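[1] Mind folding the following:
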Amino acid sequence: MTIFTTDDPEKVAFAGILPASPKPFILRDGEGEKSLVFDQLFEIILSADETEDQYGAWTMKAPKGDRIPAHKHLRTHEFFYVVDGELSVWMDDEADYHSMTTLTTGDFGYVPAGTVHAFRTEATTKVFGAGTAGFERFFHAMGQKTDATEPEGIYVPPFEVMRAAGEKYATVFLPEFEFRD
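    Numbers count the residues shown, from 1 in each chain. Predicted coordinates:
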C-alpha cells in the first residue's frame, strides 16, 4: 500500500522525473527529484512507486553545517552511506544505546524506526540513503523544490510545514532532546 496518492502534492511537482512504476530506468548525476532542506540538497533517485512499496533511495549533499534537529521516525528504518565527506551522527534508542560517531568516506550507519537521531556535516559531504517505502517524499514535504545540482542557499521550513511533514511521514521532532555524547 503506497503511503501517498497519485495526486499527492509532494509527488505532483516532480511528475515525469521518475517512471512511477517498476520498470528499468537510468538517471544521470543530478537528474532525480531535488529539494533543498536547510542547507542540504536531497535528491530522490528511487521511490516506492518504482519498488512496489518496498523502499526508497536518495542522496544528500551539504556543506559543513549545523546539527539538524533531533527527531525519530516511528515507522521508517533508515540507512546511510557516506559517499564522500564527514558526518557526525547522534543516535539514542532511549534505552541502552547512545552514541555520537563521526563517519567518513566509506562509513555506514543504520537508524531503526523509533531511534532518536540527528546529524551534522563536518565538511562538504555526499551521502547515499535509503529507507522504508514512501518515506523518501518526506524531504519534499519539508523542503523547497529546486533544479540545482549542488546545495545553494538555505531553506528553513516554517514550523507548520515541519509539523505537517512530520505528521504525514510519522516523524516526531524533539528539539529539547539531549543526546549523551
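
[2] Can you tell me how far the most centrally placed residue in the chain is from residue 9?
    Nearest to the geometric centre of the chain sits residue 139, at 5.5 Å (CA atoms, centre = their mean). Using CB to CB, to the nearest Å, residue 139 is found at 14 Å from residue 9. From N, CA and C alone the C-beta is placed, and that goes for glycine too.

[3] out of everything not next to it in sequence, what's closest to the residue nearest to the centre of the chain?
    With CB to CB, 6 or more residues apart in numbering as the criterion, residue 139 has its nearest non-adjacent residue at 3.8 Å, and that residue is residue 42.

[4] ok, now which ones touch that neighbour?
    Residues near residue 42 by CB atoms under 8 Å, 6 or more residues apart in numbering: 34, 35, 36, 58, 59, 60, 139, 143.

[5] Which of the helices or strands spans the second one?
    Counting by DSSP states H and E, the secondary-structure element that holds residue 35 is strand 33-37.

[6] Got phi/psi on residue 121?
    Dihedral pair for residue 121: phi -80, psi 130, per degrees, to the nearest 10.

[7] That one and residue 86 touch, don't they?
    Yes: using CB atoms under 8 Å, residue 121 is in contact with residue 86, at 7.2 Å.

[8] Comparing those two, which residue is more hemmed in?
    Neighbour count, other CB atoms under 10 Å: between residue 121 and residue 86, residue 121 has more, with 25 against 17.

[9] separation between that one and residue 134?
    Distance from residue 121 to residue 134, counting by CB to CB: 25 Å.

[10] sorry, back to before: now do the residue nearest to residue 139, the pLDDT please.
    With respect to pLDDT, residue 42 scores 98.

[11] Give the partner strands of the helix or strand where it lies in its sheet and their orientations.
    Assessed by DSSP H and E, residue 42 sits inside strand 40-46. Strand 40-46 has the following strand partners under DSSP bridges: strand 33-37 (antiparallel), strand 55-62 (antiparallel).
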